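**Q** This is a predicted model, with the sequence first.
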Amino acid sequence: MGTLKDRFAKERVVDLFQQAFDLKERNDKLVDIWMHYRWSIVFGFALLIIYVANGYSMETLLKEQGRVEKRVEVMRLKSVVVNAELMLMQRASSVSENIARDGGGLRQSSEPPYKLYK
């Protein structure tokens, strides 16, 4: 018989070998699980990548939508202003003032209009 120290060393070596064989069995189980479910796992990762990419693209689209909505609001306001200016320019008093100022001798007729052909 050996000393107490030698006996503990042998037991430690035996424990290490048992743990190594247990790891091999665990690895075998993991390999079996991987081989059985590999396509499901790959499909799951593919879906995850698509989900993340979709989130980024939607974020980009929402930012673009916000910019377009701001531009539409500005254009709508410009449209209202231009429409108001047009209405003012089409009034008869504005037309006659513009003709008097820039017309070069044009004046408003005092006679009513008449038909050229009967």
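**A** Ah, there it is. Numbers count the residues shown, from 1 in each chain.

**Q** Check which helices and strands the biggest helix by length in the chain sits against.
**A** When the chain is parsed with DSSP state H, its longest helix is helix 4-90. In terms of contacts (3 or more Cβ pairs under 8 Å, 6 or more residues apart in numbering; DSSP states H and E), helix 4-90 is packed against helix 92-102. In short, each C-beta sits where N, CA and C put it, glycine included.

**Q** Next, the angle from the helix it packs on to helix 4-90.
**A** Helix 92-102 and helix 4-90 are oriented at 80 degrees to each other (axes from the mean of the first three to the mean of the last three Cα atoms, to 10 degrees).

**Q** got a list of contacts for helix 92-102?
**A** Residues outside helix 92-102 that contact it (Cβ atoms under 8 Å, 6 or more residues apart in numbering): 88, 89, 106, 107, 108.

**Q** check contacts around the first one.
**A** In other words, residue 88. Counting by Cβ under 8 Å, 6+ apart, residue 88 has contacts residue 94.

**Q** Use 627 as the first number from now on
**A** Noted, 627 is the first residue going forward, which turns the last one into residue 714.

**Q** still on that earlier bit, ok, which pair from the contacts of helix 718-728 is furthest apart?
**A** Largest separation among these by Cβ to Cβ: 714 and 733, giving 22.2 Å.

**Q** can you tell me the average pLDDT over stretch 697-708?
**A** For stretch 697-708, mean pLDDT is 97.

**Q** Keeping just the C-alphas, turn that stretch into CSV.
**A** The C-alpha trace of stretch 697-708 is given here as CSV (Å, rounded to 0.1, in the frame of the first residue of the first chain):
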residue,chain,number,x,y,z
ARG,A,697,-42.3,68.4,-47.3
VAL,A,698,-45.9,67.8,-48.1
GLU,A,699,-47.0,70.1,-45.3
VAL,A,700,-44.6,72.9,-46.5
MET,A,701,-45.9,72.4,-50.1
ARG,A,702,-49.5,72.5,-48.9
LEU,A,703,-48.8,75.9,-47.1
LYS,A,704,-47.2,77.2,-50.3
SER,A,705,-50.1,76.1,-52.3
VAL,A,706,-52.5,78.0,-50.0
VAL,A,707,-50.4,81.2,-50.3
VAL,A,708,-50.1,81.0,-54.1
